[in-house]
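**Q** Below is the sequence, then the predicted model.
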Amino acid sequence: MILPELSHEWKTGLSLAWSGYIAVLSVWIVMQKRAPVSTMSWILSLALLPFAGFVIYYFLGPQRLRKQRLKRLRNRASAYAQADLARLRDVAQSAPPALQQMARLGTATCGLPVSSAVGVELLSGGARTFDAIFEAVRAARNHIHLEYYIFEPDKIGTALRDLLIERAKEGVTVRLLIDALGSKRIGREFMAPMHAAGVKVALFHDTKIGRRLRPVTNYRTHRKIVVCDGRVGFTGGVNITDEEDKRTNPEAYHDVHLRIEGSAVRWLQTTFLEDWTYATGEDSRGMDDTMDAMLPQLEAGDIPVQIVTSGPDNTLEAIHRMHVEAIHSATTRAWLTTPYFVPGEPALMALTSAALRGVDVRLLVPRRSDSAVVSAAARSYFDELIAAGVKVWEYKARMLHSKTLVVDDHCAMIGTANFDNRSFRLNFEVCAVVYGPALARPLAAQFETDLHSSGAVRAHRPQSFWRRLGDSVARLFSPLL
């Protein structure tokens, strides 16, 4: 088929239209005042998609979101936190200056202070995590709050749903907040028994067009939070899905979670309630009568814990900064586990600088990820990391989904954020920073156990030209991943 030759007028018109499209799109993107690399990546990528790029950016491009902070809730939690600080004063004074600065950074960027826990427990694998969560849900007497990115209507999801229904019928207040996109398989039929039993269910950022002037499809709650009676809390990487339960699926993701008991749970509670009021539009003043139950007075513990949150409602990128600051503070080791490794310049510089000054820097990523593009982008950084002295491993057994960082024996981080642009800037994430050896030592032991199922990445490994080219091209899109 021979295409007709366009007239000079048509060519001129199309050129002017394309030039105008690029100009309008460029001004729109530039006015967002994002990182220059990210800005240029968006402009160059969408310039190749005439007019369709405008639609893509409208739905998926960066935008500022506003989410109300519940001042009364935070003020009350902060008042209780004074007892924690008094209990932890000796610990804080003996902590290295870098850790004291790191704690102040966390508070300055997300507003949540260092608190305490009477106990923290590392849960390895979905089976242990689900068993611990189910036990806490059964023990709850006043309320159960859950927030998840993925909640599947499969075996484990149905079992948890039925347990929540049972507890609601017994008079326990149950609130379940799920991400509308991540939990899209949950339908009305699955939720109907919960509604009938009095379980309060809400969707975070409903994907229906028309709900907002500009859709927020690209901004998800990636948080995993469980709070029972304001006393026991959970967070980490494990979603509610059979894909994380080896008892049901032999190829289940390898993941870890954290159980917290004590005062620090108040800040998981605060995070959940702020997300709940944002998603539902409920008046937070209606919670005043139940505030004593949701924020009970608890004895301060001996383990310093700081809950850190980040999302597109806060441009300070608290979790990103905390990772970078923690790596900079390392003197002996910095061991990072992440399923998606697409670092920005500050994070990449922190890792390579730490290795160059003699710190034992290790990176553990999955060999087989569920995103081919992200995996390719991650591989493009390996040579640079290895040249600086970073030891890189690929987990071979199954899909690795853990998100942890261990620094020396004095700091450990576990949460929902991947080591990439999406988690640090676009998703709503939460992370627990535990100061001291209480989590650092078991998490380091878990890291070493995981290395038994991993292979070291060599500096001069054989790679085809096409593999190297694909990895390099994927890296170009790193700011957008």
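**A** Alright, I've got the coordinates.
**Q** And the helices in the stretch 251-400 of the chain, which stretches?
**A** Ranges of helices in the stretch 251-400 of the chain, per DSSP state H, counting those that start in this stretch, are 265-280, 291-294, 318-329, 345-356, 372-379, 382-388.
**Q** Quick one, which of those helices gets closest to Gly415.
**A** Closest to Gly415 of these is helix 318-329 (Cβ to Cβ; 7.0 Å). Glycine gets a C-beta too; all of them are placed from N, C-alpha and C.
**Q** Now do the closest one against helix 345-356, angle only.
**A** Using axes from the mean of the first three to the mean of the last three Cα atoms, to 10 degrees, the inter-axis angle of helix 318-329 relative to helix 345-356 is 20 degrees.
**Q** chain center to helix 318-329: distance?
**A** How far helix 318-329 lies from its chain's middle: 14 Å, per Cα atoms, centre = their mean, to the nearest Å.
**Q** returning to what we had before: can you convert the helices of the stretch 251-400 of the chain into JSON lines and add a column each for mean neighbour count?
**A** Listed next are the helices of the stretch 251-400 of the chain as JSON lines, based on neighbours: other Cβ atoms under 10 Å:
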{"stretch": "helix 265-280", "mean neighbour count": "23"}
{"stretch": "helix 291-294", "mean neighbour count": "16"}
{"stretch": "helix 318-329", "mean neighbour count": "24"}
{"stretch": "helix 345-356", "mean neighbour count": "19"}
{"stretch": "helix 372-379", "mean neighbour count": "21"}
{"stretch": "helix 382-388", "mean neighbour count": "17"}
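**Q** Indicate which one of these is closest to Lys155.
**A** For those, proximity to Lys155 was assessed by Cβ to Cβ; helix 265-280 is nearest, at 25.3 Å.
**Q** The helices of the stretch 251-400 of the chain into JSON lines, with extra columns for distance to Thr338 and mean pLDDT?
**A** Shown next, in JSON lines, are these (distance: least, Cβ to Cβ, whole Å; pLDDT from 0 to 100):
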{"stretch": "helix 265-280", "distance to Thr338": "21", "mean pLDDT": "94"}
{"stretch": "helix 291-294", "distance to Thr338": "33", "mean pLDDT": "81"}
{"stretch": "helix 318-329", "distance to Thr338": "10", "mean pLDDT": "97"}
{"stretch": "helix 345-356", "distance to Thr338": "10", "mean pLDDT": "96"}
{"stretch": "helix 372-379", "distance to Thr338": "9", "mean pLDDT": "79"}
{"stretch": "helix 382-388", "distance to Thr338": "13", "mean pLDDT": "94"}
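**Q** Ok, which of those comes nearest Ala98?
**A** helix 318-329 (3.7 Å).
**Q** okay, which residue is most central for the chain?
**A** Ala417 (2.6 Å; Cα atoms, centre = their mean).
**Q** Thought Glu429 was touching that residue, still the case?
**A** Yes. With contact defined as Cβ atoms under 8 Å, Ala417 reaches Glu429; the gap is 4.1 Å.
**Q** what's the overlap in contacts for the two?
**A** Common neighbours of Ala417 and Glu429, using Cβ atoms under 8 Å, 6 or more residues apart in numbering, are His222, Ser310, Ile319, Ser423.
**Q** on that earlier part again, quick one: contacts for the residue nearest to the centre of the chain?
**A** Per Cβ under 8 Å, 6+ apart, neighbours of Ala417: His222, Ser310, Ile319, Lys403, Ser423, Phe424, Asn427, Glu429, Val430, Cys431.
**Q** likewise Val256?
**A** Val256 neighbours (Cβ under 8 Å, 6+ apart): 122-125, 129, 236-238, 402, 404, 414, 443, 446.
**Q** rerun at 6 Å
**A** For Val256, the contact set (Cβ atoms under 6 Å, 6 or more residues apart in numbering) comprises Ser124, Gly236, Ser402.
**Q** which of those are buried?
**A** Neighbour counting by 16 or more other Cβ atoms under 10 Å classes Ser124, Gly236, Ser402 among the contacts of Val256 as buried.
**Q** List the beta-bridge partners for the second one.
**A** Under the criterion DSSP bridges, Gly236 forms beta bridges with His257.
**Q** Surely it and Ile260 touch.
**A** No. Counting by Cβ atoms under 6 Å, Gly236 does not reach Ile260; the two are 10.2 Å apart.
**Q** so for stretch 457-472, what's the average pLDDT?
**A** Throughout stretch 457-472, pLDDT has a mean value of 75.
**Q** A helix includes Arg458, no?
**A** No. Counting by DSSP: H, G, I helix; E, B strand; the rest coil, Arg458 is located in no helix; its state is coil.
**Q** Which residue is the nearest non-sequential neighbour of it?
**A** Nearest residue to Arg458, sequence neighbours excluded (Cβ to Cβ, 6 or more residues apart in numbering): Ile386, at 7.9 Å.
**Q** Show only the entries of the contacts of Ala417 found in strands.
**A** Cross-referencing these against strands under DSSP state E gives Ser310, Glu429, Val430, Cys431.
**Q** Specify the beta-bridge partners of the first one.
**A** Ser310 forms beta bridges with Glu429, as assigned by DSSP bridges.
**Q** where exactly do the helices run in the stretch 101-250 of the chain?
**A** Counting by DSSP H, counting those that start in this stretch, the helices of the stretch 101-250 of the chain are 126-139, 155-169, 188-197.
**Q** Ranking helices and strands of the protein by mean pLDDT, which lands last?
**A** Across the helices and strands of the chain, mean confidence by mean pLDDT, DSSP states H and E is lowest for helix 52-60: a mean of 61.
**Q** Including distance to Pro296 and pLDDT, could the contacts of Val256 go into JSON lines?
**A** Listed next are these as JSON lines, based on distance: Cβ to Cβ, whole Å; pLDDT from 0 to 100:
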{"residue": "Ser124", "distance to Pro296": "29", "pLDDT": "96"}
{"residue": "Gly236", "distance to Pro296": "23", "pLDDT": "97"}
{"residue": "Ser402", "distance to Pro296": "31", "pLDDT": "96"}
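**Q** Fine by me, thanks again.
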